[in-house]
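Undergrad: One predicted model, sequence on top.
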Amino acid sequence: MIKEMLNELKNCTLCEWKCGINRSEGEKGVCMLGKPKVASTTLHPAPPQSYTVFMAGCNFRCLNCQNWSIAHFPEQDIRLRGHLDPKELAKESVTKIRSRRGKAIGADRIFFSGGSPTPNLPYIEKVVEEARKLDEDVKVNYDTNGFLTEESLKRVSRFTDSITFDVKAFDPRTHRELTGAPVEPVLRNAKTIVKRWPEKLWEFRYLSIPGVNEKDVEPFAEFLADIDESLPLNFLAFRPNFVMEDHPGARRSEMISAVKKAESAGLENVSWSGHPGIDRKKDKTELSQKIKELGCTNVPRRCGSCKKRLKCPVKKYRPLSRS
């Protein structure tokens, strides 16, 4: 089973970077990952209630990352659970969902998150396969940043029951500044899910960052409304984190305003969640300037072609605080 997974990683094209490198032999692409590793696991009461598996690593390099120590592995020194045999993780997941506490919170699925689960897709498929041998009714949620290839998205559609789809920004430049990646594949995959597998979409999630992507709220809502006015959109309140640890947190009034703007754009199912009002030093430095100060030479960022991608100052950044 492990050998089969490693064979696929010999020419890795799981995400839109399509690095084509041999991860099984230690070559590093944008995600810098080798063999799949589990960062942590926990029963989680937030909808959809689940046994959540956080996979280490990510194919984005977000400045605002909430789970930065997981997402920027292996450049961050963090204690992981490590590589678990798929059968072992499957048995553990089903057992936790069936447990007294799992039943108390209403958990009914395994929720794969991160970082990003996409660089670990072959491993996740094996875990799901083994879990459904133990319980054919166990559900699966896949949490994605949308940066999958079209083929990887098809694979996800075959085993998942629900998809939570995170969009970092709608404007191409803002998306590159925040994540280091182009937004076009993300929007393409958003359309594909809605048109081909609408029943699998749990919700779109949009992190509202004051002074950064607020201007994207209406055009993104219009983008979704043009596809289907009933699509669920949840705005997440930005909390100061990682490189943006001193950036102002989103205020409650800003979250309410975002919902109203999205509804005015035509969406019928809009909400917000999170912890608003968390402020640090109220640093409003432009992202482009902050990126330069870090030592990133690509502005707007282009992580796939960056000469420093294997010595990335973003992935090595250590914040002084977290929220």
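TA: Looks like it arrived, so ask away.
Undergrad: can you give me how far the helix or strand hosting residue 41 is from the chain middle?
TA: Element membership for residue 41, per DSSP states H and E: strand 38-44. Distance of strand 38-44 from its chain centroid, counting by Cα atoms, centre = their mean, to the nearest Å, is 15 Å.
Undergrad: Next, the angle strand 38-44 makes with the next helix or strand along the chain from that strand.
TA: Downstream of strand 38-44, the first helix or strand assigned by DSSP H and E is strand 50-55. Computed by axes from the mean of the first three to the mean of the last three Cα atoms, to 10 degrees, the angle separating strand 50-55 from strand 38-44 equals 160 degrees.
Undergrad: Please name the strands paired to strand 50-55 in the sheet, noting orientation.
TA: In the sheet, strand 50-55 lines up against strand 38-44 (antiparallel), strand 109-113 (parallel) (DSSP bridges).
Undergrad: which residues sit against the first one?
TA: Taking contacts as Cβ atoms under 8 Å, 6 or more residues apart in numbering, the residues outside strand 38-44 that touch it are 50-56, 70, 73, 78, 80-84, 89, 92-93, 96, 99, 101-102, 105, 107, 111, 114-115. Every C-beta, even on glycine, is put in place using the N, C-alpha and C of the backbone.
Undergrad: thinking again about what came up before, nearest to residue 261, out of the strands paired with strand 50-55?
TA: Between residue 261 and the strands paired with strand 50-55, the tightest spacing by Cβ to Cβ is seen for strand 109-113, at 27.5 Å.
Undergrad: Let's see the lowest-mean-pLDDT helix or strand in the chain as PDB, backbone CA atoms only.
TA: Using mean pLDDT, DSSP states H and E, helix 2-8 stands out as the lowest-scoring helix or strand of the chain, at a mean of 73. The C-alpha atoms that make up helix 2-8 are tabulated as PDB, following Å, rounded to 0.1, in the frame of the first residue of the first chain:
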ATOM      1  CA  ILE A   2       2.800   2.400   1.000                       C
ATOM      2  CA  LYS A   3       4.800   1.400  -2.100                       C
ATOM      3  CA  GLU A   4       1.800   2.200  -4.400                       C
ATOM      4  CA  MET A   5       1.500   5.700  -2.900                       C
ATOM      5  CA  LEU A   6       5.100   6.400  -3.200                       C
ATOM      6  CA  ASN A   7       5.100   5.400  -6.900                       C
ATOM      7  CA  GLU A   8       2.600   8.100  -7.600                       C
END
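Undergrad: got the contact list for it?
TA: The contact list for helix 2-8 (Cβ under 8 Å, 6+ apart) reads 24, 35, 36, 85, 122, 123, 126.
Undergrad: is it true that the first one touches residue 33?
TA: No: here residue 24 lies out of contact with residue 33, judged by Cβ atoms under 8 Å, at a distance of 10.9 Å.
Undergrad: So these two - more neighbours on which side?
TA: residue 33 (23 against 18; other Cβ atoms under 10 Å).
Undergrad: Let me see the contact set for that one.
TA: Residue 33 makes contacts with 23, 56, 57, 73, 74, 119, 120, as judged by Cβ under 8 Å, 6+ apart.
Undergrad: For the second one, which residues are in contact?
TA: For residue 56, the contacting residues are 33, 36, 37, 38, 39, 70, 73, 74, 78, 80, 114, 115, taking Cβ under 8 Å, 6+ apart as the criterion.
Undergrad: The third one now?
TA: By Cβ under 8 Å, 6+ apart, the residues touching residue 57 are 31-33, 37, 70-71, 73-74, 114-116, 119-120.
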